[in-house]
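J.: Take a look and give me a structure for this.
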Amino acid sequence: MVIDTDSYSVMLTELERQRTELDRARSSLAELTSRAVSADRLVSVTVNARGLPVDISIEPIALRRYRADALSTLLTDLAGQADEALRTRRAAILEAAAAPQPTLADLRELLRDSDND
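T.: Got it, this is the predicted structure:
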């Protein structure tokens, strides 16, 4: 079995680049947060990479403006908005790391071609 060393070297370099990119993406994903703010800017919710609230900010005037049930609904809605924005950012990061070249199919083809030589 003879493998074209230039092709093999290119593949190894690409695989290393992919691994580096995936490590960077994993790190970026773990650190993501997203914040949503109410239209009146009195209430905000920040969620972490898992979509869990990590910070809730309520201006004192909001406690007088909103009834408890309305404030509860607003907090839930803001957490959902922040999580949705986070999903969009997460998808963009994963998309940037997800289209590696060459693919496993390329590697198989390279090995198959080298077997025929």
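J.: helices or strands up against the longest helix anywhere in the chain?
T.: In the chain, taking DSSP state H as the definition, the longest helix is helix 68-98. Other helices and strands packing on helix 68-98, by 3 or more CB pairs under 8 Å, 6 or more residues apart in numbering; DSSP states H and E, are helix 5-31, strand 34-37, strand 43-47, strand 53-58. Backbone N, C-alpha and C define where each C-beta goes, glycine included.
J.: starting at the chain centroid, how far to that helix?
T.: The chain centroid and the centroid of helix 68-98 are separated by 12 Å under CA atoms, centre = their mean, to the nearest Å.
J.: do the same with stretch 23-43
T.: On CA atoms, centre = their mean, the centre of stretch 23-43 falls 11 Å from the chain's centre.
J.: And the contacts of it?
T.: With contact meaning CB atoms under 8 Å, 6 or more residues apart in numbering, stretch 23-43 is reached by 44-49, 54-59, 61-62, 65-66, 71, 74-75, 78-79, 81-83, 85-86, 89-90, 93-94, 96-97.
J.: Nice, that's everything, thank you.
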